[in-house]
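>>> return a 3D structure for these sequence lines:
(one chain, ligands or ions: 2)
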Amino acid sequence: MTKPAYQRVLLKLSGEALMGDDQFGINRATIDRMVADVAEVAKLGVQVAVVIGGGNIFRGVAPGAQGMDRATADYMGMLATVMNALALADSMRHVGITARVMSAISIEQVVEPYVRPKALQYLEEGKVVVFAAGTGNPFFTTDTAAALRGAEISAEIVLKATKVDGVYTADPKKDPNATRYNSISFDEAIAKNLQVMDATAFALCRDQKLPIKVFSIVKPGAMKAVIMGEDEGTLVHV
Ligand SMILES: Nc1ncnc2c1ncn2[C@@H]1O[C@H](COP(=O)(O)OP(=O)(O)O)[C@@H](O)[C@H]1O
Ligand SMILES: O=c1ccn([C@@H]2O[C@H](COP(=O)(O)OP(=O)(O)O)[C@@H](O)[C@H]2O)c(=O)[nH]1
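Residues are numbered from 1 along each chain as shown. Ligands and ions are numbered 1, 2, ... in the order given. Got it, this is the predicted structure:
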């Protein structure tokens, strides 16, 4: 059997992807399917850390936050990611994965705080670590949190699992003529203002020489294919 291409990865799961076909919230079947993908990868011996988004529940820049103080709205968004993290960890428990949720903002009765050495210890023990509350700071996104935590834990790659199957020349939801890149450099992605991830996340990964793979969260087997180093999705590289 061929070996996985990576030993430690940072997986970014978009909050919106958790909705499945629902309008908002957490779709049970969807979360279970994602967890099955993670379980498959963890079984290969790959250390998996997850950053979960919150867009399915609350987004600081959403119309629903209009008129609100931006920082306050962002804290609500961060709390939303904590809910998603709890749901994800619980779903993992059901399939026999030991998961630990660590939050960037302290709410110790609910989840333990993020402590880097502790996170590294969990990973080495084969536990899946779910990073909640993004970076802990307003005006950031969970994509940036993924870049940050990925760099902190020395992940070999950031895996961005999302609704689209890669990075396109333009937003494929708006431009039917957009074509997908097999690979693209950070500089080009930033210069072309490709919106699949925010520029802060791209810049941080570029500076830390941390590649990103963007792939579909709905395509069966895509995550495993990425882990095995197969040609899947789009690689964003230095
Ligand atoms: N150039 C692009 N290539 C691919 N997707 C893009 C591009 N520009 C914008 N997008 C959009 O980015 C989204 C992917 O990010 P998503 O995971 O939804 O983000 P978030 O982390 O904000 O939830 C897709 O819905 C897609 O329509
Ligand atoms: O470091 C962070 C991460 C997230 N957020 C807030 O949490 C919301 C949900 O995160 P995000 O939009 O990244 O989730 P996703 O797009 O993955 O669903 C964001 O809109 C922000 O309001 C924040 O303020 N700081």
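
>>> which parts of this structure sit against ligand 1?
The interface of the chain toward ligand 1, taken as CB under 6 Å from any ligand atom, is made up of 14, 16, 53, 55, 143, 162-164, 167-168, 170-173, 194-196. Where you see a C-beta, it was placed from the backbone N, CA and C, and this is true even at glycine.

>>> report pLDDT for the residue lying closest to residue 232 once chain neighbours are set aside.
With CB to CB, 6 or more residues apart in numbering as the criterion, residue 232 has its nearest non-adjacent residue at 4.1 Å, and that residue is residue 225. For residue 225, the model assigns a pLDDT of 97.

>>> what does the one 10 residues further on give?
Residue 235 carries a pLDDT value of 98.

>>> list the contacts for it?
For residue 235, the contacting residues are 182, 183, 184, 211, 212, 213, by CB atoms under 8 Å, 6 or more residues apart in numbering.

>>> for the helix or strand harbouring residue 88, name the packing helices and strands.
Using DSSP states H and E, the element containing residue 88 is helix 70-94. Applying 3 or more CB pairs under 8 Å, 6 or more residues apart in numbering; DSSP states H and E, one finds that helix 70-94 contacts helix 28-43, strand 47-52, strand 99-103, strand 128-132.

>>> which stretches of this structure form helices?
28-43, 70-94, 116-124, 142-152, 186-191, 199-207, 222-227 (DSSP state H).

>>> for residue 229, see how far away residue 209 is.
From residue 209 across to residue 229, the span is 18 Å (CB to CB, to the nearest Å).

>>> so which of the two has more stuff around it?
residue 229 (13 against 10; other CB atoms under 10 Å).

>>> do you know the pLDDT at that one?
For residue 229, the pLDDT comes out at 96.

>>> contact partners for the closest residue to it other than its chain neighbours?
Counting by CB to CB, 6+ apart, the nearest residue to residue 229 once its immediate chain neighbours are dropped is residue 5, at 3.1 Å. Listed by CB under 8 Å, 6+ apart, the contact set of residue 5 reads 227, 228, 229.

>>> what does residue 18 give?
So residue 18 contacts 26, 27, 30, 31, 34, 52, 53, 56, 84, 87 (CB under 8 Å, 6+ apart).

>>> neighbours around the residue in the chain that ligand 2 sits nearest to, how many?
Nearest residue of the chain to ligand 2 (CB to the nearest ligand atom) works out as residue 53 at 1.8 Å. Per other CB under 10 Å, the neighbour tally for residue 53 reads 25.
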